[in-house]
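In: coords please:
(chains A, B, C, D, E and F, ligands or ions: 3)
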Amino acid sequence: MTILELNAGDTAWVLMSAGLVLLMTPALAFFYGGMVRSKSVLNMMMMSVVSMGIVGVIWVLYGFSMTFGNSWNGIIGNPTEFLGLQGTFDTLIGAEGNQIPLLVFAGFQAAFAIIAVALVSGAVADRMKFGAWVAFAVLWATLVYFPAAHWVFAFDGVVAEKGGFIANQIKAFDFAGGTAIHINAGIAALVLALVIGRRVGFGTKPMRPHNLTLVMLGAGLLWFGWFGFNAGSALGANGLAGMVWINTLAGAAAAMLGWLLVERIRDGHATSLGAASGIVAGLVAITPACAVVSPLGALAVGLLAGVICPLTLGFKVRFGYDDALDVVAVHLVGGLVGTLAVGLFGTQELTGGAAGLFYGGGLEQLGRQALGALAVLIYSGIVSLLIALALKYTIGLRVGTDAEAQGVDLAEHAEQSYDLSRVGYSAYRVAQTLVVPASPLSPITPARNADNVDTKEPVA
Amino acid sequence: MTILELNAGDTAWVLMSAGLVLLMTPALAFFYGGMVRSKSVLNMMMMSVVSMGIVGVIWVLYGFSMTFGNSWNGIIGNPTEFLGLQGTFDTLIGAEGNQIPLLVFAGFQAAFAIIAVALVSGAVADRMKFGAWVAFAVLWATLVYFPAAHWVFAFDGVVAEKGGFIANQIKAFDFAGGTAIHINAGIAALVLALVIGRRVGFGTKPMRPHNLTLVMLGAGLLWFGWFGFNAGSALGANGLAGMVWINTLAGAAAAMLGWLLVERIRDGHATSLGAASGIVAGLVAITPACAVVSPLGALAVGLLAGVICPLTLGFKVRFGYDDALDVVAVHLVGGLVGTLAVGLFGTQELTGGAAGLFYGGGLEQLGRQALGALAVLIYSGIVSLLIALALKYTIGLRVGTDAEAQGVDLAEHAEQSYDLSRVGYSAYRVAQTLVVPASPLSPITPARNADNVDTKEPVA
Amino acid sequence: MTILELNAGDTAWVLMSAGLVLLMTPALAFFYGGMVRSKSVLNMMMMSVVSMGIVGVIWVLYGFSMTFGNSWNGIIGNPTEFLGLQGTFDTLIGAEGNQIPLLVFAGFQAAFAIIAVALVSGAVADRMKFGAWVAFAVLWATLVYFPAAHWVFAFDGVVAEKGGFIANQIKAFDFAGGTAIHINAGIAALVLALVIGRRVGFGTKPMRPHNLTLVMLGAGLLWFGWFGFNAGSALGANGLAGMVWINTLAGAAAAMLGWLLVERIRDGHATSLGAASGIVAGLVAITPACAVVSPLGALAVGLLAGVICPLTLGFKVRFGYDDALDVVAVHLVGGLVGTLAVGLFGTQELTGGAAGLFYGGGLEQLGRQALGALAVLIYSGIVSLLIALALKYTIGLRVGTDAEAQGVDLAEHAEQSYDLSRVGYSAYRVAQTLVVPASPLSPITPARNADNVDTKEPVA
Amino acid sequence: MKLITAIVQPGTLQNVQISLAQHGVSGMTVSEASGYARTRGHTEVYRGAEYTIDFISKVRIEVLCSDDEAADVIELICQSARTGHMGDGKIWSTPVDQVVRVRTGESGDEAL
Amino acid sequence: MKLITAIVQPGTLQNVQISLAQHGVSGMTVSEASGYARTRGHTEVYRGAEYTIDFISKVRIEVLCSDDEAADVIELICQSARTGHMGDGKIWSTPVDQVVRVRTGESGDEAL
Amino acid sequence: MKLITAIVQPGTLQNVQISLAQHGVSGMTVSEASGYARTRGHTEVYRGAEYTIDFISKVRIEVLCSDDEAADVIELICQSARTGHMGDGKIWSTPVDQVVRVRTGESGDEAL
Ligand SMILES: Nc1ncnc2c1ncn2[C@@H]1O[C@H](COP(=O)(O)OP(=O)(O)O)[C@@H](O)[C@H]1O
Ligand SMILES: Nc1ncnc2c1ncn2[C@@H]1O[C@H](COP(=O)(O)OP(=O)(O)O)[C@@H](O)[C@H]1O
Ligand SMILES: Nc1ncnc2c1ncn2[C@@H]1O[C@H](COP(=O)(O)OP(=O)(O)O)[C@@H](O)[C@H]1O
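Out: Numbers count the residues shown, from 1 in each chain, chains lettered A, B, ... in the order given. Ligands and ions are numbered 1, 2, ... in the order given. Reported below is the predicted structural model:
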């Protein structure tokens, strides 16, 4: 194949979508960062941001290859096939007439791997050692995400001859990653929250979001980026992408209204945090289903997620796991809703055969969906647990209680998020300014070097 | 038509533009949200965000059909034609060789409908019941926006055989929605501000923007999104889109400079709020005209808007309507400047015949423009007034004065925007912590459960 | 050529990339704005934002023409050729089959010119007169950027017959602007910092970033936008764009990790400001090289920049120039790393001949790279110095020390960035409210017009 | 000399400021505080969890004055800050030994 | 009457609030402060530059009470705010001449 | 014992801190305030509307000390906070009945 055969329009759309999906990780950093207290927002954002660094590097090195290299029994891709992405420059993939460069696909999928890792961090807000997170991100991406993504996203004959078992044997349908990403990250978040333990004060001290404008910024950018996530997964600019785009709008819109309604009825007020959460829950749920449901079906899927997710928020209090930012209620539950919805609302015309239960297709596809979800749930649950325990008993997962009280930003990053005061409460290089107490009342200098009377000459 | 005939390049651009326009509504939420006081920023953002939910849902249900269904006498589209967007999956629209899927167009236009509704909210900052806004949004979208958009955007033979009367009979030119969106939302904002009444303290208490970085974020994202709004309206990636892109840059740039100049001369200082406002005013003004003026013409249109809009800011004080965030001065006035500018600066080569006054085309096109603007102005003014009055005398538009003083965020959403304090001024579940006064000096517990000495064991 | 020959897919990608690059300037405003103290954030953002206004206008007027008009001896483009961008509407550029409209290219390059100017502002945070910045922006864009961009970006025969000398004679390789933009802006920043002088309190008073979430927002949006900057420079949606996209991800990811590692080792903590800075340094370094290195090469380039840049941070203290936001360490040093990296890591297959030193290509290309960088360094250094001195001794560059102490936002823009207080510390129109002291204890009015008891009737 | 401290509703600051200025009180210092008393706070909801915020925003006003003026200043603040609602606040007066004006070093009543 | 002022660790506020409420103290005013004493602050790093932050976040609690209650209130705060670490803070008491309740104009002990 | 309260320009805090530390004053509490006096504030403009901000940022410094030290502390702050401009602020001293160190329960001069 030569480079001239590619479809520039399809390539343009996937290139753009790759950027959109990449933007979702900073967006997640804001969405999560706004929800923690002001003493841990930087750490919260850093868990997402450093995932961009870590996964960005290992994806190029071996991640793409483990995910899309030729499959070893449907379990894992050959990690040496595209080692360092070498030799991929002139390769195209896709159907005749709609081909795109393999590297564009590799970029698009890189952004998926990044956000999957970042999603997990919401559960361990306020208390995880930064070094432990870095180690977790490397291990989890390698041992959990790349395999799971291989199972779900690697179709036989697209990139390599043989792909993963969920896509090709179980034939569960996961258009843009409800199973591979959201269920996967959601269960890992639950496990990690259990292993790391509850925050000091969980359930007795208030821990309200410190900046809801930041949360809304995150939710807004996530929605924007999600059009790339879902409609980009069509791998071309075509009617399917258009349908998916509409469904991504409809699902999130309906879920937002659903969540607000639940709040209004249950809590008396519809909140902005509820709107932001509803948007994300709807996006999660529509992700696996967006290519196989009609716009009306998307409204139904969104509404379901918008109603079910907020009702599961209380589980963390009831069962006592401190999933700080509700990754379980939003991503695990939302991902399950969406994955199963394929088997309920899928239309024959779109799936190309296997319609969902409500469209006369019987239980077959629903069963496949459940099987796929279960496979990822169990595998991710177990391996995430092993990683978490291994780290806990080696380098340790958690900062000390003093550091936690003072704030993980200061303890782990030696920074503070905001300094809006007009008063500079700090001294620059202590040795220089803070002199040891001398004899009482020795002559002192007047305030000549105060800010507003400094007369030091500007240079040059 | 089969799905293979579509132009993937054009489709990619419109898909992307749809995302860009959708991003404009969160952007507007930040632009507006930063301008209110910190006690009402969440409500301000929620008015935009919930519009995404509401209009996202009703657009799919019947909005697209009312706007682009086959016209009943040029007045309104057939609401049943595309009910639930069903049966649109394989349809393409556009000229031979440049066709795009109908659903991509439907998505692009959905984002227009959303932002039109959200724009209105700036006028009623700080004091509107959230429930009343939800009701207003549903009614206004249905009774005002869909008809007006039908008149202006539905050209005969594009989606349905017959379209709206402003596009096809009056032949006023409104490329991306100066009339249908900005004049329309601007007059509705004025009416709603009049009906809801002035804020407590209007004109006597200071109400300065609480976060100008948020305003600038909104303005920056709006500009970014507006390239989709305007250049996406070319419905293809072509020379026209390129010209429109340049004009969207030039118009906003010139308006920003114009606004800053007015401020510098009149107020003594060029402000950042002025720059942000100038950008938006310029974008509004260039919107209807961007496809028919040259880049030099775009500079002129932008400069005009940048100078005229700030000069109309004082009207709200003079005439005593409390248009809190100046929707009238920016969108109504800016929209009028741009709509009339088509009749002044339109070049023959671009309009394909009817040049503007300054390009030797006489008053004809100017008259058509005025007529189109007037039609929308009157219709929207009257129907918006009826909706506002109906809501006022049924569910009520306005929160109580106590709620207004305390802040509409707390009253309507039970949330506070920022908590940057190191002190947790709250008690989690009051029954648990705030005990009824007992006998004086009964034995008390030392501070063992204080943040920094909590020794509760982490789980697992 | 007629408009039908263009490649819509390539056009869509460049149109989108233009928007992405334009977004980088607001992004820079947030990145820079978050790093200054809260008393100068608005001014910091305004320096970027007004550059969008100024350069947006002069690019249309004569900038594009000076940069891409037919060259006068490789030194400067004919400023009259595309004056006001007139007569460019139907022109296409690019290789047969991959043509895009000239205006799309003009828009894409406009965004480059804007950000180049804005980058300089980081050096003079907190203390520059706004009027002086406006003058500097006009002069520097005209006298420094347009020529330098002409030298580097104007290839013979693309837009005009003859282009600039670095691209065509020296044949230094600068894919997306490491030399023309980052080295250029970096040296100008150094010169301007030297001429304007140190801030009051530099080195003795703490000046920590006031809002690191804003810095991270800037970095996130910069990364997102940079995909347009680099991959858009392929001027088409093709395999090269895909490779560049991947390299833009890999370079920034590796640099982030490198910077964090340096911090962890040197300072004991990996900071969020370090992550944000590392991302930007990596993006700067990969910019000139992204089209000629393999993904593994991109990792190497990124890592180099991530390690070298933070090690040069101390220079400003050692040599006493107050480059407030480290434009030199990030953009000048990063730009040099990347520009020279072309001569080290360039692969034959991608450069089409001249491989880098480590790929067996000898020192030839390295020499060309150094020569190109030097040419821009010297020219920009001298002319920027002349502009800075001219302004210093005419209108003056710097605000007074009182204004600097009080904050340049208030002094230059009569605004304050944040008002998060529940207390309204201001009086609206002083004449109205602040009455001259009368006789002691004259009858006073009770607090009836306080916020929470105002009973003024709402209008209508 | 006396230091008059008043904890009042934020919305009444402007009124207090005007009435003090009208009566020739030359200066004051204002800061933010949160009050907790019989008037309980409000409830907030975040993802279904209810938080009771016991503390309500108040503004603290401090005025230094001579002994004679103290009663008048208290009276003035009391009247201009009164809304008649719960939570209107408290005013108290404490004795001051010495006042110095930083700029000039003057002390006593002259420093006021 | 007395004004009891306590500068304590922010994390202990809830504990102080509860123990005061339990013992019938009807109100208090809280504000934010930064303290500087033998317990030095912490170090922050920004782009390689070290900043020593000498001031540590504290919360200021003020309680007006009658002369008799003063000792009890001090004792209560002292016990409920104690963590045993450096930086636990100080409590002091100053004499108050007069207290007025803004809402009603009542003064003296009735205004408490 | 005395409580010395100073309302000074924010920019002078570092200077005051150093000179107090140099003279053996072991602790202080700092908070933010806004002052209003003969030096009027500044004007801001938002969309053409002018706002006069009457209140200027100040920093409040509080130092507890024994009766003997009071005059010295006042003098030290006065000198190190002086810029010679209007708005340099005020320092005052109030009597303190009792001081307690929370950590140990010590009281009186030992608690300082
Ligand atoms: N004993 C007290 N000590 C210190 N401050 C108090 C005390 N009682 C009340 N306050 C302050 O006064 C404010 C108003 O008091 P509150 O009792 O609610 O109003 P009212 O005096 O109208 O009954 C409280 O929010 C608190 O800041
Ligand atoms: N002389 C003082 N004047 C005013 N406040 C003080 C004084 N000494 C200490 N403080 C306040 O008390 C806080 C705790 O004091 P510190 O000496 O660190 O603790 P401890 O009393 O446990 O030794 C300080 O942060 C400061 O706010
Ligand atoms: N009577 C007063 N009561 C309380 N604080 C005051 C009083 N007068 C002045 N201040 C405080 O002192 C600050 C400086 O006072 P000002 O009169 O402007 O300066 P100067 O003392 O140099 O003339 C004011 O901003 C205010 O915070």
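In: what's the average pLDDT for the helix or strand containing A:Met243?
Out: Using DSSP states H and E, A:Met243 falls within helix A:239-266. Across helix A:239-266, pLDDT averages out at 97.
In: same thing with stretch D:27-39?
Out: 86.
In: buried residues in that stretch, which are they?
Out: By 16 or more other CB atoms under 10 Å in any protein chain shown, the buried positions in stretch D:27-39 come out as D:27-37. Glycine gets a C-beta too; all of them are placed from N, C-alpha and C.
In: what about that stretch and chain B, touching?
Out: Yes - for stretch D:27-39 and chain B, the contact criterion (CB under 8 Å from any CB of the partner chain) is met by D:Ser34.
In: which stretches of the chain form strands?
Out: You didn't pick a chain, so chain A it is. Listed from the start of the chain, chain A has strands (DSSP state E) covering A:71-72, A:76-77, A:92-93, A:100-101, A:427-428.
In: my bad, the chain I had in mind was chain D
Out: Using DSSP E, the strands found in chain D span residues D:2-8, D:28-36, D:42-46, D:49-53, D:56-65, D:90-95, D:98-101.
In: same list (those) but as a markdown table, adding distance to D:Gln22.
Out: Rendered in a markdown table, the data for these read as follows (distance: least, CB to CB, whole Å):
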| stretch | distance to D:Gln22 |
| --- | --- |
| strand D:2-8 | 17 |
| strand D:28-36 | 13 |
| strand D:42-46 | 34 |
| strand D:49-53 | 35 |
| strand D:56-65 | 14 |
| strand D:90-95 | 18 |
| strand D:98-101 | 23 |
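In: most packed of those strands?
Out: For the strands of chain D, the largest average neighbour count (mean count of other CB atoms under 10 Å in any protein chain shown) is found in strand D:2-8, namely a mean of 25.
In: that one near chain F at all?
Out: Yes - Strand D:2-8 is in contact with chain F by CB under 8 Å from any CB, via D:Leu3.
In: hmm, back to that, ok, and which of the strands of chain A has the densest surroundings?
Out: Mean neighbour counts were taken over the strands of chain A using mean count of other CB under 10 Å, and the top value, a mean of 28, falls to strand A:100-101.
In: quick one: contacts of that one?
Out: With contact meaning CB atoms under 8 Å, 6 or more residues apart in numbering or on different chains, strand A:100-101 is reached by A:3, A:6-7, A:10-11, A:14, A:91-94, A:235-236, C:238-239, C:242-243.
In: related to what we said a few turns ago, which of the strands of chain D comes out lowest on mean pLDDT?
Out: strand D:49-53 (a mean of 83).
In: export the strands of chain A to TSV and tack on mean pLDDT and distance to A:Ala354?
Out: Shown next, in TSV, are the strands of chain A (pLDDT from 0 to 100; distance: least, CB to CB, whole Å):
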stretch	mean pLDDT	distance to A:Ala354
strand A:71-72	96	23
strand A:76-77	97	26
strand A:92-93	95	25
strand A:100-101	97	27
strand A:427-428	54	67
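In: ok, which pair from the contacts of strand A:100-101 is furthest apart?
Out: Of all pairs drawn from the contacts of strand A:100-101, the greatest distance, 19.7 Å, lies between A:Gly236 and C:Met243 (CB to CB).
In: OK, contacts around A:Glu364?
Out: The contact partners of A:Glu364, by CB under 8 Å, 6+ apart, come to A:Ala354.
In: report pLDDT for the residue positioned nearest the centre of chain A.
Out: Taking CA atoms, centre = their mean, the centroid of chain A lies closest to A:Leu119, which sits 3.2 Å from it. The confidence metric pLDDT takes the value 98 at A:Leu119.
In: ok, A:Ala460 next?
Out: pLDDT, the model's per-residue confidence, is 33 for A:Ala460.
In: swap in A:Val453?
Out: Predicted confidence (pLDDT) at A:Val453: the value is 33.
In: can you tell me the closest non-neighbouring residue to residue 76?
Out: Going with chain A. For A:Ile76, ignoring the flanking residues on the chain, the nearest one in space by CB to CB, 6 or more residues apart in numbering or on different chains is A:Pro147 at 5.3 Å.
In: I was thinking of chain D, sorry if that wasn't clear
Out: Going by CB to CB, 6+ apart, D:Leu76 has D:Ser19 as its nearest residue, at 5.4 Å.
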